[in-house]
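Undergrad: this one's sequence-less:
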């Protein structure tokens, strides 16, 4: 019996080899296995009694690609009919206009949708408008310079971390199989990629989260303490988005530690109007132009170990002048009188005199030291000082 089966099989194989080989018909190249979607339909259909009887016959497990293309095409048509559409299908100008109108929080969220939207949402020209709108009044050249130092430091830290990671990766490649270590590295690369460190978006987020402390100036420091009325001092500021206020850390006063003030509102802040560090004397360039009635700010400090603050005042008349504009010659004098009208007449803080031609730092340990002067030409600056005017005359 076994010999009979063996001879039968050999005869059948020889018969197949004797057949001429012909190329397959054109329709054969367009057949494929049922798609998973078709198999799901097939399984559901098989549960019916009709399919149970039909399964006894031969069921072809192929389907032409043409039919699948028709199915895909019909599904696309259905999507169009139901109004389904991707944001990326919008014209470029329309999409750009939408992104420009998104607030920062929504723009940040949209950047995490896909790589295409991310490249658009992190662009500097979108974040520049948000930066100017919210932070433009309190961010100056000194803050920008400090941000550059900040990101340079972060790059050095990142380079050190990357060097350690590369060393660890070499060790893993030497000890563990390549396929395992490669899968781990690939999975880490798939994590969310942060925006470029030097982008405006990164700067905005660092300010918004309080991670970046920036230099600015605070009006009427220490919650409007009487000793600082109508003054403006340098400080390092950090933002608290929960309260929409700032915390200020002032420079040390001699041997005293720097003071810290919290809950500072936006209206008490400004960017430094001149790029002069708080312990340095500002070089005055307006002395020859000063005349009675001009609004000024002048540096003042208690002693030479303290940082300067900027104090508001006006140019007054000489004691020998009757303040008649037709006969006033105060602007030709070598002495300039500065008045601080927030103080009562007779107060030792009411006025001071400086040398117009050779002014440097003038003063003493009793009355403090007066430094550089800047003339106010901007009405917005002048009106800001007027809104801070004390309700009572100071002694």
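TA: Happy to help now that I have it. All figures in this text were calculated on a predicted structure; none of them were measured in a lab. Numbering: from 1, shown residues only.

Undergrad: low-scoring stretches of the stretch 101-250 of the chain, by residue?
TA: Scanning the stretch 101-250 of the chain for pLDDT under 70 picks out 157-194.

Undergrad: at 80 what do you get?
TA: Residue ranges of the stretch 101-250 of the chain with pLDDT under 80: 154-197, 224.

Undergrad: Just the helices from it, written as ranges.
TA: 104-110, 115-121, 124-135, 141-175, 178-189, 200-208, 221-224 (DSSP state H, counting those that start in this stretch).

Undergrad: how about residue 240, what does it touch?
TA: 210, 246-247 (Cβ atoms under 8 Å, 6 or more residues apart in numbering). All C-beta spots, glycine's among them, are computed from the backbone N, C-alpha and C.

Undergrad: ok, now with 10 Å
TA: 209-210, 246-247, 262-264 (Cβ atoms under 10 Å, 6 or more residues apart in numbering).

Undergrad: what does residue 297 give?
TA: With contact set as Cβ under 10 Å, 6+ apart, residue 297 has these partners: 230-232, 273-274, 282, 309-313, 372-376, 381, 385.

Undergrad: what about 6 Å?
TA: By Cβ atoms under 6 Å, 6 or more residues apart in numbering, the residues touching residue 297 are 310, 312, 374.

Undergrad: Look up which residues are beta-bridged to it.
TA: residue 312, residue 374 (DSSP bridges).

Undergrad: Quick check, pLDDT for it.
TA: On pLDDT, residue 297 comes in at 97.

Undergrad: how much space between it and residue 225?
TA: According to Cβ to Cβ, to the nearest Å, residue 297 stands 19 Å off from residue 225.

Undergrad: who wins for neighbours among the contacts of residue 240?
TA: In terms of neighbour count, residue 246 stands highest of the contacts of residue 240 at 24 neighbours, by other Cβ atoms under 10 Å.

Undergrad: these two touch, right, residue 343 and residue 351?
TA: No - taking contacts as Cβ atoms under 6 Å, residue 343 lies outside contact range of residue 351: 8.6 Å.

Undergrad: so residue 239 makes contact with residue 210?
TA: Yes - using Cβ under 6 Å, residue 239 is in contact with residue 210, at 5.1 Å.

Undergrad: can you redo the contacts of residue 297 as TSV with neighbour count, distance to residue 198 and pLDDT?
TA: Shown next, in TSV, are the contacts of residue 297 (neighbours: other Cβ atoms under 10 Å; distance: Cβ to Cβ, whole Å; pLDDT from 0 to 100):
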residue	neighbour count	distance to residue 198	pLDDT
310	27	32	97
312	24	37	97
374	18	32	96
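
Undergrad: Show me which of those residues is closest to residue 389.
TA: Among those, residue 312 lies closest to residue 389 (Cβ to Cβ), at 9.1 Å.

Undergrad: where's the closest one relative to residue 302, distance?
TA: 18 Å.

Undergrad: Kindly report the same for residue 346.
TA: Look at residue 346 and residue 302: by Cβ to Cβ, they are 21 Å apart.

Undergrad: Neighbour count for those two, which is higher?
TA: In this view residue 346 and residue 302 are compared by other Cβ under 10 Å, and residue 302 has more residues nearby, 16 against 7.

Undergrad: Need phi/psi at the more buried one.
TA: Residue 302 adopts backbone torsions of phi -70, psi -50, taken as degrees, to the nearest 10.

Undergrad: Bridge partners for the closest residue to it other than its chain neighbours, pull those for me.
TA: Distances taken as Cβ to Cβ, 6 or more residues apart in numbering place residue 368 nearest to residue 302, at 5.2 Å, with adjacent residues excluded. Beta-bridge partners for residue 368, by DSSP bridges, are residue 364.

Undergrad: where's residue 368 relative to residue 340, distance?
TA: 12 Å.

Undergrad: So if I had to pick from these two, which one is more boxed in?
TA: residue 340 (20 against 17).

Undergrad: Check that one and give its pLDDT.
TA: Taking residue 340 on its own, its pLDDT is 96.

Undergrad: show me what contacts it?
TA: By Cβ under 6 Å, 6+ apart, the residues touching residue 340 are 313, 349.
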